[in-house]
Structure formats: C-alpha cells, structure tokens
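**Student:** Predicted coordinates and the sequence they were generated for:
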Amino acid sequence: MYDRGKIISGLAVFFALATLPFWVSGGKSVPPPEIKTDTSVIRQLKVKRCLEPTSFMKVRHMELIISWRQAVVRDGQRIYVASDGRQYRMSLSGTCLNCHSNKSKFCDSCHTYAGVKPACWSCHIIPGEAEG
Amino acid sequence: MLEKGLSGDRKYWGWVGFLFLLIGVGLFFYLRQLNYGLGITGMSRNVTWALYIAQFTFLVGVAASAVMLVLPYYLHDYKSFGKITILGEFLAVASVFMCLTFIIVDLGQPARAFNVLIYPTLSSILFWDMIVLNGYLFLNIVIGWTVLAAEEKSMPPPGWVKSLIYLSIPWAISIHTVTAFIYAGLPGRSFWLTAIMAPRFLASAFASGPALLILLCFILRKFSRFDAGREPIQALAKIVTYALIASIFFVVMEIFTVFYSQVPEHVQHFKYLFVGLHGHHALVPWMWASIILAAVAMVLLINPRTRRNETLLGVGCAAVFASLWVEKGLGLVVTGFIPSPLEKITEYFPTGPEVAITLGVWAMGLLILTVLFKVALGVKEEME
Amino acid sequence: MRRDRRAFLKIAGLSLMSFGMRPLSDALASNYRPEVVRAPEALVAKRWAMVVNPKKCTDRCQDCISACHQVHNVPDFGNPKDEVKWIWNEPFRDAFPGQEYRYIEKGLRERPVIVLCNHCENPPCVRVCPTKATFRREEDGIVMMDYHRCIGCRFCVAGCPYGARSMNFRDPRPFVKTINPDFPTRTKGVVEKCNFCEERLARGILPACVMACKAGALVFGDLENPESPVRDLLRKHFAIRRKAELGTGPQVYYIV
C-alpha cells in the first residue's frame, strides 16, 4: 500500500472522532423525559383529553400543527373539527399552549431529549413570557 | 485534472493563502450577520438592496461576457480565440458562483432558500433568475471541463458538447436580460422603469467582462508561461471598445430622456447621482469618477495607437472595469431607492462587516478562478 | 456504437424511473388532511377597502398607529434605519407627490395623511414574490403575508410603489414594548406589513386602527356591498388613491 503510514493513522483518527460520542460519555445514560401535564387549565378539565388521542398526538402533533398553519395563514380557515366532531380554534399559543402552559416541563422535556429545536418560538409567544 | 490546481510555486500558494484569509474574515462576519440580522449592514427601511445585490448585478455581466469568446470561436470559427475560450468559460463559472453567493448572503432567512424551488412562482423574476443562473453555471462547468479534458487527451471534444456550447450563447444573453428584468419590471421605482435596462446591462457586460479578461491575460503572462498572444487580445480590445461606446451611448440616452422630458419623479434620481438632491450627495463624487474613468478609457481604446500599446490598453481596461463597477455596482441599485416612494432621502453607506463579507465572497470567486485557471494552464503546458 | 446504444438505453431507463419518485414520495408522505371550517362570527366581504378622511384627523393624534402597532406586536427600534411600521402618517405633499401646487388649500400641504398598505387589486409585490410568501386572497382581496415562508429577499419591498413594507433587519422581539399574547411577533429576516387585521375580521371585529379612531377618520367595509359604509362615502365624496395611474388598483381611498 502506498503511504501506508498516513492512511492507517488517518483511519485511526477518523474512527476515534466518529465514535467520540460513545466513549466520551463513558457508559452514562440520559434519563428518559418526564412529561408533566398538570397545569391549572388541565386540572380544571372534566375529561382529560387532548384534541386527538394521545397516541396520535405523540407521533403526529407536528403534522397537525403544520396543517393548522396552512389552514389559518394560507386558506383563512380558523376552526378545526377534530376526529370526534368537537371544534377548536386553531392556534399554537392560544389553544395548544392554553392547556399545556408548562412548555418547559411538557414540550421541552421530550424535545431536549431528542435534540429537536422547533423554530416556532422566535415568533409564537409562549404563555407566561408575555409578562416579561 | 484538478490535481493541477494543487501544485504551484510560493507565489501561487501565497496568493491562495491570502484568499483563504479573506474568506475566513468574511465567514466570521457572515456568522455575525446571521446572528444579528441584516441590520449589521448599512441597509435601511428605505434602501433595502445595496452592496450585496449591486455586486451580484455587476458580476452577472462579467459572467455573460464569456459569450464574447464563445460566439466568435464556435459559431464563426474565429480561430484566434481558441487558446483563451476556456479562460472565458472559467471566468463565467467563478462569476456566476459569486452571483449566487451574494444572493444567499443577502437573504434575511437563507435557511429557507429552497422555498424558491418548493414553491415555484412563475410570475416572479427572481425564480427565473435562479433557473438561468444555475443553468449557466452548470453549462460552463460542463463545457469548460469537457473541452479541457479532451484537450488533455489530445482528442477532439465529444459531439454532444457542441449542442451545449450553442445553447450557452443565448443563455448568456438570458442571464443578463432576466437580471435586468428584476429591476425594469417594478412600477414603483422610476429610476429602473426603463426598457433600455437590459440593453444597458448587456453593453456594460460586454465591456467590463472582456476588459477583465484582457487584464487576466496580462497577469497570466507575467506570472506563468501562458501567453494568449497579441491577436486575441487586440480582438477583445476592439470588443471592449465598441461595447463601451454602446454603454456610454445608452447612459446618454437615459440622461436625455429624463432631463428633456423633465418629469420630476425621474429627474430626482439622476440629480441625486450627479449633483446631489436636497443636500444629499454621497454618490456624486463616485459617479463623476466613473464618468472620468469612462472618458479616459474611451480615449485610450478608440485610438488604435494607444489600443495597440499593451500597457496603455491595460490602463484602459482597468479604467473600464472600475468605471462600470461604480456605475452598476454602486450607482444603479442604491439610486433606485433614493428618493423613496414617499419622497424621503435615506442615504446608504456600507458598514465594516458588510464590506468584509463582500470581500470574502469576492475572494471565494477569485479562489475558484485561480484554481480553474491553474488547471487550464497546467493542461495547456502539458500539451506543449 | 452498439455498446453506446446499450449504455444509453440503460441510462434512459433509469432516468424514466425517476418519474416514479414523486408518486412514491406522495404515497409515503403524510396523508393527514384535517377538516377545517370558517368561524361563523367572521366578517366576510368580497373586497375589503378603507376610506380615509384626513380632514377629520386631529393634530398629533397617533391613536390608530398606537393601536395597530400594539395589537400586532410591531417593534419600535428607535431609529429610522431599522424602523418597522404598518401604518403611519405623512404630510399630504409626500403621500400624494405631484398633486400639490403653489396655491393649494391652506394647510393641506402639510396635513398629516394616514398611509398603510393599500391591499391592491393588482399588487406588484405579489407578482414578484418568488415563494408566494405574500399572496392575495381571492375571496376578500386582502394581500396577506406568510411569515413562515418568507425568505427575506426584499423583492416585494422593491416592488411596492407605496413604501408600505418593512424588513426586519434585526430581531424584533426585544423591541416590542408590551407583547400582545394573542398575536405572534415576527423574527429577523422577514418582511412585514399591514394585514387589514384579518385575524380580527375572522373573529368578527373591525380593524384596530378603525376602532381606535375617535374622530371617525377611518371607515372600513366591503366595496362590493352597495350598502357598506365605504360605498356610502364614495357616493357622497370624491376620493383619490395614491399613485392610481400605476394600475395597482389600491383599495384605500382618501377624501380630500
């Protein structure tokens, strides 16, 4: 092999860097996210359910939000008819965060764990920060 | 063939290193711009396009000038251009790259740039500009590289390249015309609302591009063994001369139309440029410098004795390039916004970060140009 | 030649398969289509328009401006370079350049005239937007902004003959005096402008500027409804529009 020394040492450096996350954390594990849903609004609900079933929301809440964005901003429609027929005003800050006003213990706990940084909050207002 | 760009003497690596330094500084300030917003530049509510877009507008012209080599050589068999066509095509590649980079750098939300592709809007000239610029970049890369690779193997280039070359000729005209349409289609900006905008762009392109190419040939003659030869340089000089005359004529046409019809809305912009408006005159010295440079260039280029003297020709070409850079790169874009639609005058001055980012992008283009020219020269030297 | 033809056919076949990419990605993509309806209390119109009577404006009154900017979280950067404004006033001579003359009615030249986005029928800003981030609603004529899609190219700002649009050259959030939690702010790098309060119209409320004006200088209504207040005013008074000769079809009328 030509330049054997350079190639072998280069490969070694590459593998060390590529596996860095594994050996630097030294076997520690991050605790799973704890999602808290006890806000004052949720406590007052008679039946504790979201617009759609939790299983749907867990997986597809982003699809819901994006479709709301399309409906409100581009189509001018503001009322969402859920799968069980109930109607809601489509608003991230006004409807979703009305119940889930503890963003840091609800939304962020999963997002931080998964390394997801939704860009919504540079514009959409988090309830509670308006007083600041 | 790219490996030919990786071998050079100390002067070569010194130049490349200097360009990397400029790019690094530009990148540093661009990150600051991403963090702070475009407010880090001198742009304001009234002057929303400035140095970045002006550079893009000027460089589109330089890119289109490759057609001034391709057309005579491929369409009319003007053999004298055979040695330097590749230089024109590579200059086009570097210029279009700079154009696209200046556009990206000017966007308020560059991460969303792909929205232009996902939501194509056929009524928007910006959409068509993206298509023609990227198409021209692709054409010149493929044509230049294929023809050069064929030359390296002492073979004729493959047949399909001819179709691309013929396509690149009207395409070069289109990149200019579409860019001019960005300005000439806006009803609210009377400085730009002129049918002659695209012809002006073309004339100044065919003056500034070949002028730069002549200067690059002189530089190559000094720093390498590549000599373009007297005949192609003289032919290019004649092209620059007539294009400059056309460009100046077009500007005079604009001035007559505006100052004879005396419609205040149109007169104001030209007054701002040449004598100042209501005490604001930041661009006046620049425009008069541009005029003087153009006059000097005209004298040097029209007179065959001075045109044939390669030192004076170099001076003339530098004067053409500088004059047109000021006219297109400074005077055209900012003046469209002064005065504003509400008669306000907000002057524009570039800021330090803005200039650093601009120099960084120029350095990126010059780096691409340097490496591509080194490859081309490497192939030609090998074939001797 | 025989080898080349085979290679060509192979490549052509692979390329044709690429036409199957779109149907494939559509099949794998989200099939989520929510059911949505319009709110029953929404105000609807075929063509929203505004009639402004500058003679009713009192000196130095900024009520409409403050109301609009407060309701919509419009930032106050404190300098004219970064300034963002949706509605403001200009002296008559600047709002209607070319319409003033030496012996014009006393006081008219400097009289403050409220200016805002004209929500044109033939808007040049919509024509030039490369992403349709700004678009005209066919159902009621409002020229909308989609801040999610805007790439901040400022072609619309160049295209607007009225200077109605503002670019966010900086992050606006720290410069909003009191945040209205019912409306988002914008982020740096997007262009914004008056939206005829479409979010209030959807809840059955008139625009903020109209309701804030105590002098009744701003009247809002449906131009296509002969009984609307705007049609009533246009019947009774001659009104002009800004730069109407450009063919943009502005929908803000000024009674002079």
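**Tutor:** Nice, thanks for sending it over.

**Student:** Next, the contact list for the closest residue to chain A within the stretch 251-384 of chain B, please.
**Tutor:** In the stretch 251-384 of chain B, no residue comes nearer to chain A than B:Pro353, which is 21.9 Å away by Cβ to the nearest Cβ. Backbone N, C-alpha and C define where each C-beta goes, glycine included. Applying Cβ atoms under 8 Å, 6 or more residues apart in numbering or on different chains to B:Pro353 gives the contacts B:Phe29, B:Arg32, B:Gln33, B:Ile40, B:Thr41.

**Student:** Give the helix, strand or coil label for it.
**Tutor:** Under DSSP: H, G, I helix; E, B strand; the rest coil, B:Pro353 falls in the helix class.

**Student:** List the contacts of the residue of the stretch 151-300 of chain B at minimum distance from chain A.
**Tutor:** Residue of the stretch 151-300 of chain B nearest chain A, by Cβ to the nearest Cβ: B:Glu152 (23.5 Å). Applying Cβ under 8 Å, 6+ apart, we find B:Glu152 in contact with B:Met1, B:Val379, B:Glu382, B:Met383.

**Student:** And B:Ile118, by the same measure?
**Tutor:** C:Thr131.

**Student:** I'd like the distance between it and chain A.
**Tutor:** According to Cβ to the nearest Cβ, to the nearest Å, B:Ile118 and chain A sit 13 Å apart.

**Student:** And that residue, how far from C:Pro130?
**Tutor:** To C:Pro130, B:Ile118 is 11 Å away according to Cβ to Cβ, to the nearest Å.

**Student:** swap in C:Val252?
**Tutor:** For C:Val252 relative to C:Pro130 (Cβ to Cβ), the value is 26 Å.

**Student:** what about dumping the CA coordinates of the worst-scoring helix or strand of chain C on mean pLDDT to CSV?
**Tutor:** Least confident helix or strand of chain C, by mean pLDDT, DSSP states H and E, is helix C:21-28 with a mean of 81. The C-alpha coordinates for helix C:21-28 follow below in CSV (Å, rounded to 0.1, in the frame of the first residue of the first chain):
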residue,chain,number,x,y,z
MET,C,21,-40.2,9.4,-7.4
ARG,C,22,-43.0,11.8,-6.9
PRO,C,23,-45.8,9.3,-6.7
LEU,C,24,-43.6,7.2,-4.4
SER,C,25,-42.9,10.1,-2.0
ASP,C,26,-46.5,11.1,-2.1
ALA,C,27,-47.6,7.6,-1.1
LEU,C,28,-45.1,7.5,1.8
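
**Student:** helices or strands up against it?
**Tutor:** Of the remaining helices and strands, none touches helix C:21-28 by 3 or more Cβ pairs under 8 Å, 6 or more residues apart in numbering or on different chains; DSSP states H and E.

**Student:** in the next helix or strand after it, what counts as buried?
**Tutor:** Counting by DSSP states H and E, the next helix or strand C-terminal to helix C:21-28 is strand C:35-37. Across strand C:35-37, burial judged by 16 or more other Cβ atoms under 10 Å in any protein chain shown covers C:Val36.

**Student:** where does the closest residue to B:Ala205 other than its chain neighbours land in three-state SS?
**Tutor:** Using Cβ to Cβ, 6 or more residues apart in numbering or on different chains and skipping residues adjacent in sequence, the residue nearest B:Ala205 is B:Gly61, 3.1 Å away. For B:Gly61, the assignment made with three-state DSSP gives helix.

**Student:** doesn't B:Ala211 make contact with B:Gly61?
**Tutor:** No - the criterion here is Cβ atoms under 8 Å, and B:Gly61 misses it with B:Ala211 at 10.9 Å.

**Student:** got the contact list for the residue nearest the centre of chain A?
**Tutor:** Centroid-nearest residue in chain A, with Cα atoms, centre = their mean: A:His111, separated by 4.3 Å. Applying Cβ under 8 Å, 6+ apart, one finds that A:His111 lies in contact with A:Lys117, A:Pro118.

**Student:** please redo it, this time with the cut-off set to 10 Å
**Tutor:** Counting by Cβ atoms under 10 Å, 6 or more residues apart in numbering or on different chains, A:His111 touches A:Pro33, A:Lys103, A:Lys117, A:Pro118.

**Student:** which among those gets closest to chain C?
**Tutor:** Set against chain C, the nearest of the contacts of A:His111 by Cβ to the nearest Cβ is A:Pro118 (12.1 Å).

**Student:** Check the gap between B:Gln55 and chain A for me.
**Tutor:** Using Cβ to the nearest Cβ, B:Gln55 is found at 29 Å from chain A.

**Student:** pLDDT on the helix or strand where that residue lies, on average?
**Tutor:** Assigned by DSSP H and E, B:Gln55 belongs to helix B:51-64. Across helix B:51-64, pLDDT averages out at 95.

**Student:** Could you pull out the helices in chain C for me?
**Tutor:** Secondary structure of chain C, counting by DSSP state H: helices at C:2-17, C:21-28, C:63-71, C:92-95, C:124-128, C:155-159, C:198-201, C:208-212, C:229-236.

**Student:** what do you get for the stretch 101-250 of chain B?
**Tutor:** B:115-118, B:125-152, B:160-184, B:197-223, B:230-261 (DSSP state H, counting those that start in this stretch).

**Student:** Is it possible to get a markdown table of the ones you listed that adds distance to B:Leu366?
**Tutor:** Formatted as a markdown table, the helices of the stretch 101-250 of chain B follow (distance: least, Cβ to Cβ, whole Å):
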| stretch | distance to B:Leu366 |
| --- | --- |
| helix B:115-118 | 27 |
| helix B:125-152 | 17 |
| helix B:160-184 | 20 |
| helix B:197-223 | 11 |
| helix B:230-261 | 20 |
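
**Student:** okay, those helices, which one's buried deepest?
**Tutor:** Highest mean neighbour count of the helices of the stretch 101-250 of chain B: helix B:197-223, a mean of 23 (counted as mean count of other Cβ atoms under 10 Å in any protein chain shown).

**Student:** how about the closest residue to chain C within chain B, what does it touch?
**Tutor:** For chain B and chain C, the shortest gap (Cβ to the nearest Cβ) falls at B:Gly108, measuring 2.0 Å. Counting by Cβ under 10 Å, 6+ apart, B:Gly108 touches B:37-38, B:48, C:150-154, C:167-169, C:187-191.
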